[in-house]
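K.L.:
sequence plus the predicted model coming up.
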2 protein chains.
Amino acid sequence: MVLEWGKKFSVRSKAMKASAIRELLKLVDNPEIISLAGGMPDPTLFPKKVLAEISRDIFLNHGNKALQYGATEGIPALREALVNIGIEEGIQNLAKENLIVTTASQQGLDLAGKVFIDPGDAIIVEAPSYVGGLQAFRAYEADFITVPLDNDGIKTDILEGKLREAKENGVNVKFMYLIPNFQNPSGVTLSFERRKKILELSHQYDVPIIEDDPYGEIRFEGEKIPSLVEMDNIGNVIALRTFSKILAPGLRLGWMIADKEAINKFVIAKQGSDLCSPSSTQYIAYEFIRQGHLQQYLELVRQTYKKKKDLMLQAIEKYFPKEAEWTKPEGGMFIWVTLPDYVDTTEMFKEAIEEKVAYVIGSAFYPRGEDKHHMRLNFSLPTPEQIDEGIKRLGILLKKKIH
Amino acid sequence: MVLEWGKKFSVRSKAMKASAIRELLKLVDNPEIISLAGGMPDPTLFPKKVLAEISRDIFLNHGNKALQYGATEGIPALREALVNIGIEEGIQNLAKENLIVTTASQQGLDLAGKVFIDPGDAIIVEAPSYVGGLQAFRAYEADFITVPLDNDGIKTDILEGKLREAKENGVNVKFMYLIPNFQNPSGVTLSFERRKKILELSHQYDVPIIEDDPYGEIRFEGEKIPSLVEMDNIGNVIALRTFSKILAPGLRLGWMIADKEAINKFVIAKQGSDLCSPSSTQYIAYEFIRQGHLQQYLELVRQTYKKKKDLMLQAIEKYFPKEAEWTKPEGGMFIWVTLPDYVDTTEMFKEAIEEKVAYVIGSAFYPRGEDKHHMRLNFSLPTPEQIDEGIKRLGILLKKKIH
């Protein structure tokens, strides 16, 4: 008998969707297409020489440990270094029991889903929000409550209303998922006043916060705003951090900071998920920090991304129709474009590919795909020439759509 | 208000248990204790010089890709190399659409749980079975149906009875989880005749098989038996393989081979779990294979582990009471000891620690912890001197327990 795999899959797996971005990006596998679609760091900046020497040294001189299984929580030296970075940032009382190393932030999202979400539980997300977060939580059959953003981040008045409504209706809200700095996809940053308000609401309604902050260190303009985990001194906040943007995604390393009880659950869940994150790359990342390369690399990233962001904004000014609006990020990797609501960016995508330019359709960032007239543009990966030419191609196409 | 984390955790997370092994191993964190407990390869064998040169070259000359995000399915060169290895092994019709790179085998187990198990679904496991497998499936609220082993592996007559019974009772059996070669913890190998019978049962009862085979290449005696995935030409079998035992666990790399439809679901599930496995270590593993180091390293591992296995068996003969029985593995890393049923190895564990020797308690390998009179001994990690002295210490303790 030939097995029908479809009959064996879990209910959960039927709720999973292939990332719309990844499906669309398959169309982009053509070197002539200028991709403003991805969310990748600029690989020409990666500190290759330094990492080459460090990795050689690690495997030669610390190979017995770097090539072996490590503790689920992460290797002790890296955890200590990350605790010290957190304390310097202002998270008082941070101890190593508050920190677990993860297989990059995406695993942090998955562990949060695994540890908190029962089918039908509600979680609150920004609209739009990070595709990978939606995907991780959807796999645990979460119901999404969406709260819109403006230039100061999630609208706390609407958030408060939704929390009140959920409480009145007996809806179990397991957490709020927020990306406060240079949000993916919108590029906007949550204001200090709203951060304070959100923490008040978290305590009032007894709802934890997942603070996903991959880009916080890539601020190239404006003043740093304290993180939620710092403001609440851990408290109700589960902070997700990653090496993907401050060093390199190919190491697959991130970390979570949270209350000890929550970290303990994440450790148990992680044992079942992958036992431990790569010892090899943990040793490499630790040595990179210990030798003092991190700040210099971050400075290079900030300078380069600022130039690219400025270039992209100038090109948008020059080529886009006057009916378009866009965000002006102070950091991160993305600009969010809002078009008149009759412009359907999903429909338009194939035409863009024909014109040899790619972006991410706005609807990918909404749990119910309800949005049609936005696009996300990435400025970290393309070269300056590609940015100008890509925006030019998009502008020509957009002007045809405006009536 | 101080948040009560316990009230926020999912039902699933309440079913998760910290690995008994890991909890016990915390007691072993003392260099004077001889540990026969772990499941780690011998780190002195790791090909450190080769990996040091490879990693240096990869970061210097291929850093743009090796440090970047990679495809969820795995980097193309490594997938192709693994497909070729599979075809050489005898898996005809194996194509790259049948293969996904995972963050080691443990992630394969987690993805299988995520994609197949709804709460209350049954899965069939060997008794005893691998702790990490039980842990991965428990996180998705599986019900375990256990089938005992003898020296030829899982008892297929009992397996058939349990499958029939499940069918009659309308129990949804999602898969059988089997470790056919040098099973963890028992060290026994599934006979060819039983492999044939299991495949017949799989097709007759429409139940997929997860073939976890971390040790197949570490056969140091006897004749190789074809794998289930080879015998069924993929068919109903989902094969899990890992670099942890054939190269190094610290790379966190493994792979799954299965029907394309199942692989496609694993890819979607993996996007939510960790986006992709480390590109850096995938490039390193690929280059290790391409340069032809794998067979030489495996030969060293086989020779060394055979010597250690022989030493441990000799020491057991010499020091253990005559009432004890034990398996004689033809490969892998473990020997399984059966004691008279009044000897409780869990109770005895603290005394063993006082005598400065550690093993893994048998009950850890049973989903309901029902077994008390077994212990798992590892021979890959300890030195020859530690093997002799450790078994001697254990033998003295065991002789006191026999009456």
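P.N.:
Thanks, I have it. Residues are numbered from 1 along each chain as shown, chains lettered A, B, ... in the order given.

K.L.:
where's the residue of the stretch 301-403 of chain A found nearest chain B, which helix or strand?
P.N.:
Using CB to the nearest CB, the point where the stretch 301-403 of chain A gets nearest to chain B is A:Leu381, with a distance of 9.4 Å. In this view, the C-beta of every residue, glycine as well, is placed from N, C-alpha and C. Using DSSP states H and E, A:Leu381 is not contained in any helix or strand.

K.L.:
for the nearest residue to it once chain neighbours are set aside, what are its contacts?
P.N.:
The spatially closest residue to A:Leu381, leaving aside those adjacent along the chain, is A:Met40, at 4.9 Å (CB to CB, 6 or more residues apart in numbering or on different chains). Going by CB atoms under 8 Å, 6 or more residues apart in numbering or on different chains, A:Met40 touches A:Pro249, A:Asn378, A:Ser380, A:Leu381, B:Gln68, B:Tyr69.

K.L.:
burial count for the residue of the stretch 301-403 of chain A closest to chain B?
P.N.:
The criterion is other CB atoms under 10 Å in any protein chain shown. On that basis, A:Leu381 has 20 neighbouring residues.

K.L.:
quick check: the gap between the residue nearest to A:Leu381 and A:Phe46.
P.N.:
Here the criterion is CB to CB, to the nearest Å. By it, A:Met40 lies 11 Å from A:Phe46.

K.L.:
hey, what's in contact with both of those two?
P.N.:
Common neighbours of A:Met40 and A:Phe46, using CB under 8 Å, 6+ apart, are B:Gln68.

K.L.:
for the residue of the stretch 251-400 of chain A at minimum distance from chain B, grab phi and psi.
P.N.:
At 3.7 Å from chain B, A:Ser279 is the closest residue in the stretch 251-400 of chain A, using CB to the nearest CB. A:Ser279 adopts backbone torsions of phi -60, psi -40, taken as degrees, to the nearest 10.

K.L.:
what score does it have for pLDDT?
P.N.:
Per-residue pLDDT puts A:Ser279 at 97.

K.L.:
follow-up on the earlier one: thought the residue of the stretch 301-403 of chain A closest to chain B was touching A:Ile34?
P.N.:
No - proximity of A:Leu381 to A:Ile34 does not meet the contact threshold set by CB atoms under 8 Å, at 10.2 Å.

K.L.:
how does chain A divide into domains?
P.N.:
Per the record's domain assignment (automatic domain parsing), chain A is made up of the domains A:8-46+A:296-401, A:62-290.

K.L.:
would a markdown table of those domains with distance to B:Gly132 be doable?
P.N.:
Supplementary listing: those in a markdown table, determined by distance: least, CB to CB, whole Å:
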| stretch | distance to B:Gly132 |
| --- | --- |
| domain A:8-46+A:296-401 | 20 |
| domain A:62-290 | 7 |
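
K.L.:
out of those domains, deepest packed?
P.N.:
Taking mean count of other CB atoms under 10 Å in any protein chain shown as the contact definition, the stretch among the domains of chain A with the greatest mean neighbour count is domain A:62-290, which reaches a mean of 22.

K.L.:
can you get me the start-to-end distance on that domain?
P.N.:
15 Å (CA to CA, to the nearest Å).

K.L.:
all good on my end, thank you.
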